[in-house]
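Peer 1: Predicted model follows, preceded by the sequence.
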Protein chains: 4
Amino acid sequence: MSKEIKRIAVFTSGGDAPGMNAALRAVVRTASSHDMHVYGIYRGYEGMIDGDLERLERGDVGNIIHRGGTILKTARSKRFMTPEGRRSAYESLLAFDIDACIAIGGNGTFTGASVFTEEYKIPFIGIPGTIDNDLFGTDLTIGFDTAVNTAIEAVDKIRDTADSHNRLFFVEVMGRNSGYIALNTAIGSGAGSALIPESDMSIEELIDTLKMGARRKKLFSVVIVAEGNKNGNASEIAQKVQQAFDFYDTKVTIIGHLQRGGSPTAIDRVLASRLGFAAVEGLVNGQANVAVGLVNGKVQYTPFEDAISKEKTLDNDLVRMAEILAQ
Amino acid sequence: MSKEIKRIAVFTSGGDAPGMNAALRAVVRTASSHDMHVYGIYRGYEGMIDGDLERLERGDVGNIIHRGGTILKTARSKRFMTPEGRRSAYESLLAFDIDACIAIGGNGTFTGASVFTEEYKIPFIGIPGTIDNDLFGTDLTIGFDTAVNTAIEAVDKIRDTADSHNRLFFVEVMGRNSGYIALNTAIGSGAGSALIPESDMSIEELIDTLKMGARRKKLFSVVIVAEGNKNGNASEIAQKVQQAFDFYDTKVTIIGHLQRGGSPTAIDRVLASRLGFAAVEGLVNGQANVAVGLVNGKVQYTPFEDAISKEKTLDNDLVRMAEILAQ
Amino acid sequence: MSKEIKRIAVFTSGGDAPGMNAALRAVVRTASSHDMHVYGIYRGYEGMIDGDLERLERGDVGNIIHRGGTILKTARSKRFMTPEGRRSAYESLLAFDIDACIAIGGNGTFTGASVFTEEYKIPFIGIPGTIDNDLFGTDLTIGFDTAVNTAIEAVDKIRDTADSHNRLFFVEVMGRNSGYIALNTAIGSGAGSALIPESDMSIEELIDTLKMGARRKKLFSVVIVAEGNKNGNASEIAQKVQQAFDFYDTKVTIIGHLQRGGSPTAIDRVLASRLGFAAVEGLVNGQANVAVGLVNGKVQYTPFEDAISKEKTLDNDLVRMAEILAQ
Amino acid sequence: MSKEIKRIAVFTSGGDAPGMNAALRAVVRTASSHDMHVYGIYRGYEGMIDGDLERLERGDVGNIIHRGGTILKTARSKRFMTPEGRRSAYESLLAFDIDACIAIGGNGTFTGASVFTEEYKIPFIGIPGTIDNDLFGTDLTIGFDTAVNTAIEAVDKIRDTADSHNRLFFVEVMGRNSGYIALNTAIGSGAGSALIPESDMSIEELIDTLKMGARRKKLFSVVIVAEGNKNGNASEIAQKVQQAFDFYDTKVTIIGHLQRGGSPTAIDRVLASRLGFAAVEGLVNGQANVAVGLVNGKVQYTPFEDAISKEKTLDNDLVRMAEILAQ
């Protein structure tokens, strides 16, 4: 029988994502409804190593549900990749009498938790917080919907000026390993094409598509470029395309860290609330070393090893649809 | 064997919802990729009766994906409720050689289509466009996500002033028959309580909850009120609560038609694109007299009679969760 | 010779307005650059009476420039209208060794300051913070630009749905004594008409204008109604107009307290920063019992008695222009 | 005596700016109220040369006041810089019987108009539409307020993530010759510093300021960089600063063409309406070959030669204030 959980620690780690505060709020208040004490760890695994914990009560997470970023700060920790770092982290948790941990973050965060929980017997639950939506075990990750909306709003603004000038714009969005943001931005903004890591589209094929549009007197185009696509960054692609199009004036915009910020959308706030709630309920019900997710609208717990190793795959039909609709 | 479909008509009907234009764009362009001709009908069933149709080509739906409202206009039609009205409508469709229709709207729209297709042999596909999310056969309706985000942004603004003044705000959102908007707004805004049609919460229980908050020195509260709740409109409820709270200054805001407008969110644009695409693909594949929806991320076709008679039910666990998180 | 000012108190009072936090930040940091100590008073004159003051340092006002509301809270104080209340307030200031006060608020706040400074010899500077823009001595008050933008965004959303349905909308905005918000909202949203306190337009004249629009096949209209206009509230006016228009479907939206909230606009943040800066510089240079304002882009100090008694007048040419442009 | 003006042409030229459509609407409707006919010229001077004009009536400019970009399109014209190009342009105006022109644009647009009106006797009025606010003869240019708000919203989002990660961000905004956007963005976002064309601040001085902040445990900073500053682009500056700061993680964001797009703010819509109105009224009253502007809230007409040659100067006191408030 597992030990009763009375004190839990919670932290955010890796890249920040809009909605992390909403998840934190849900963790604290759900735990409080079970009469648990909650400690917030600052700066992720770094703060765990340094013993930088602080008691969080219901009121401490009031009025944060709508705030971007994370009030616990976040960091990437090299020290936690060493056995010595993890030992220090464990000692911090012992010093504060922590019975279980909730980690809010992405793949790297869960990998750290997975290694740690093999070495030390303390239950961890992961909450998927990353704008990239590239985690197995959940249909959506916290922050993804906000990032896509931010990117689409940016393309809406660019369209105003593209339309006024007959221009070709390349807009680079985040996504080193996955095209979720880029594909959804392309569909949602009505952009002509998306260059994504999962696709083999070459520059030549892109140019053919753009030429087809030009023949139909399409006066401007926007191409969405995911960081991790195979043809280079947005500026490099723009240069290559420019040579094939005398007609167009080519411009590049890199949305960059704007995508990580901003007040979370409805979807992200509700998702974060549900996952924070389910993480604590999971602990109460004996779940350990799993990531919590929503799959088909239902809470699901996935072992860390699956969450970090299995791949979530883009729906290729949507790529085809995006092309048909943009023509 | 069904007749090959060469000319389709598309219209928007009932209350408008953000994303209707994105659905329309997807219908026109998908049909065009199948070499079909598309006719837009203005003002829903009214325009069908009056023969107010116009050819729509690919370019006619360019640069509308981000626009609220509907470029085809919409209306409620009393004449279509009569056999004479429907006969005129049928004659219009004949006059334009229409082989199939795509209707974008809510329950009333689908009911009209259901009656019509029993009388006349012309295939209809319904696309669920309504901010209320109260249609069976799809997890989300077009416009719902935008409406919830609009309501949450409004509550965010109200919280600024509520927090500065120690006030109790009642915010009325749409939803005559369902609490989807109200519940998601309450969770997403961190509001104290939601009064929804599906719940039996009385004024006395609401007052108890608010008093509990006041004892914990919660300095302001926001209560979300769905139009169709059982305790009256927001102003009436505010008056009753005011009598029990000398401490608070009580204010009422009715978000009203703001919820119907605005540029659609990412979710609504992608959903509308997918459903518009699937509606045409459905026609091509022999679907008729069904509503298209997304269930667990997959396209699904539901007979009109089920879509209009079966009930979609709110997840009651979320009501409980909202209360725990708000305390 | 006036005593050197070493400790100042600052507070927000009356209705909150977006940008008050930006003004507060500017006061604290400018004072700090002069080596003054700053105390924040909570809840305006109420907190002054109760001695609810707290030291504010540079870091305490970090990361607040973009937040709506006021971190010092605000209130209206009946006690301060009595000699006893003002005496208690004075004693609080003495107890904290306060040499001067900066009051951020509107007409009521300045009136209180004016009475107080006649009774007690302590220099006050007023910073105009009110969404109504109805204060003499400054071209713009803090919060006005944000409120107008909020109202215009609301009308933009309403136009989406009005346009889709051929409707007539009445939108009520704040402004009991002045039409600044209503007139700017009408011009900025392209609305047909504005009913404002400064105008004598009757319901009959409004109906004539709307009928003229209808004859030109204008399919929808929005009328902006200031709270303080002479023809009743938006609902009453809508009812009267409805009787004259069978054609239109008439709807009412009351924007209400949304106008007080939200992140301040660029104009309001820059204005608040400049006025907060100028308030402290004014104290340093011997100004007392004046309101600071920007007139023609330059800082100006106006004695409280003028600021509260003289009237700022709307430019009537703009009313005429709004009508010409909307037709 | 000048000839009565019965037909005017209007066009947008150079870089587009939010609010150009609002100005166009005002021109068309004011002219219409004087019973003039209005022709819109597409793509600026290019369309004037090509005779690409179209009659615009009141209804043609309905529902555009809130749209970014320009429905008349815009372009930069090399042909108009030649005597042959200008002759063709003049012949187009003759062919359409145009009595006067209204040009909406920036310095290049006014320069073209100035040259043209010296060669051909046709009155021109310029309306200042450029996001840079660098035109003499008006306190504000159309599009500037929207661009600053867009930049500030971007910095607000970046601050969320900067604050969560202890980072130093360099945000590049538009402004080749002037620091208006950069300085207002810096003040409005509370950023630490602004590198602008008008200032001599060196990298070393910037590093000193940032080190001072670091000593005060300021955990993140944002530096606003105008394109035209003297120390290189944002990426180059970031690299140089990075070497001096081990502590910080340095990131760069280039807002780019986002600043040109988006729905215009209240200020820009009202300004554009007033200037469009005043341009036509000016023509009626015999003004010619002048730019219209608002100075101290009043309409003013400035000869083209002054508008394009005189310099508008930044208020240096504001640079100093920005530094004091950010510390």
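Peer 2: Arrived safely. Numbering: from 1, shown residues only, chains lettered A, B, ... in the order given.
Peer 1: and chain A, what are its domains?
Peer 2: Following automatic domain parsing, one gets these domains for chain A: A:7-143+A:264-309, A:144-260.
Peer 1: Comparing those by mean pLDDT, which bottoms out?
Peer 2: Mean pLDDT is lowest for domain A:144-260 out of the domains of chain A, coming in at a mean of 90.
Peer 1: is it up against chain D anywhere?
Peer 2: Yes. Contact of domain A:144-260 with chain D (Cβ under 8 Å from any Cβ of the partner chain) involves A:150, A:154, A:156-166, A:169, A:251-254, A:256-258, A:260. From N, CA and C alone the C-beta is placed, and that goes for glycine too.
Peer 1: Which of those fall within helices?
Peer 2: Counted as lying in helices by DSSP state H, out of those, are A:150, A:154, A:156-165.
Peer 1: Residue A:302 pairs with what?
Peer 2: Note on residue A:302: beta-bridge partners by DSSP bridges are residue A:291.
Peer 1: isn't it right next to residue A:127, touching?
Peer 2: No. Using Cβ atoms under 8 Å, residue A:302 is not in contact with residue A:127, being 11.9 Å away.
Peer 1: what residues are shared contacts of the two?
Peer 2: By Cβ atoms under 8 Å, 6 or more residues apart in numbering or on different chains, residue A:302 and residue A:127 have these common neighbours: residue A:291.
Peer 1: Who has more neighbours out of the two?
Peer 2: residue A:127 (30 against 21; other Cβ atoms under 10 Å in any protein chain shown).
Peer 1: helix or strand for that one, which one?
Peer 2: Here residue A:127, judged by DSSP states H and E, is contained in strand A:124-128.
Peer 1: Give me the contact status of that strand with chain D.
Peer 2: No. Shown here: strand A:124-128 not in contact with chain D (Cβ under 8 Å from any Cβ), separated by at least 15.9 Å.
Peer 1: so what's the nearest residue to residue A:126 once chain neighbours are set aside up against?
Peer 2: In this structure, residue A:126 finds its nearest non-sequential neighbour in residue A:291, 3.9 Å apart by Cβ to Cβ, 6 or more residues apart in numbering or on different chains. Contacts for residue A:291 (Cβ under 8 Å, 6+ apart) come out as A:110, A:125-128, A:135, A:137-138, A:301-304, A:307.
Peer 1: Among these, which pair sits farthest apart?
Peer 2: A:127 and A:303 (14.9 Å; Cβ to Cβ).
Peer 1: hmm, back to that, would you turn the ones in helices among the residues of domain A:144-260 next to chain D into TSV with distance to chain B and neighbour count?
Peer 2: Shown next, in TSV, are those (distance: Cβ to the nearest Cβ, whole Å; neighbours: other Cβ atoms under 10 Å in any protein chain shown):
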residue	distance to chain B	neighbour count
A:150	9	25
A:154	12	26
A:156	5	21
A:157	10	23
A:158	12	27
A:159	7	24
A:160	10	23
A:161	13	27
A:162	10	26
A:163	7	22
A:164	12	27
A:165	14	25
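Peer 1: and which of those residues is nearest to chain C?
Peer 2: The shortest approach to chain C among those belongs to residue A:156, at 13.6 Å (Cβ to the nearest Cβ).
Peer 1: Which residue is the nearest non-sequential neighbour of the closest one?
Peer 2: residue B:66 (5.2 Å).
Peer 1: what's the answer for residue A:309, then?
Peer 2: residue A:136 (7.8 Å).
Peer 1: Doesn't the one you found lie inside a strand?
Peer 2: No. With DSSP: H, G, I helix; E, B strand; the rest coil as the criterion, residue A:136 is located in coil rather than a strand.
Peer 1: For it, grab the count of nearby residues.
Peer 2: By the criterion of other Cβ under 10 Å, residue A:136 has 18 neighbours.
Peer 1: Alongside chain B, which residues does the stretch 1-150 of chain A contribute?
Peer 2: A:25-26, A:29-30, A:33, A:58-59, A:62-63, A:65-66, A:139, A:145, A:148-149.
Peer 1: show me where chain A has helices.
Peer 2: A:20-33, A:44-50, A:83-95, A:107-119, A:144-165, A:180-189, A:203-215, A:234-244, A:266-284, A:304-309, A:316-326.
Peer 1: returning to what we had before: helices or strands next to the strand holding residue A:127 in the packing?
Peer 2: When contacts are defined as 3 or more Cβ pairs under 8 Å, 6 or more residues apart in numbering or on different chains; DSSP states H and E, strand A:124-128 packs onto strand A:100-105, helix A:107-119, helix A:266-284, strand A:290-295, helix A:304-309.
Peer 1: same thing but at 6 Å, please
Peer 2: Secondary-structure packing of strand A:124-128 (3 or more Cβ pairs under 6 Å, 6 or more residues apart in numbering or on different chains; DSSP states H and E): strand A:100-105, helix A:107-119, helix A:266-284, strand A:290-295.
Peer 1: Establish whether the first one and chain D are in contact.
Peer 2: Just to be clear, that refers to strand A:100-105. No. Against chain D, strand A:100-105 shows no contacts by Cβ under 6 Å from any Cβ of the partner chain, the least distance being 11.7 Å.
Peer 1: What's the separation between the closest residue to residue A:269 other than its chain neighbours and residue A:264?
Peer 2: Once flanking residues are discounted, residue A:269 sits nearest to residue B:188: 4.0 Å by Cβ to Cβ, 6+ apart. According to Cβ to Cβ, to the nearest Å, residue B:188 stands 8 Å off from residue A:264.
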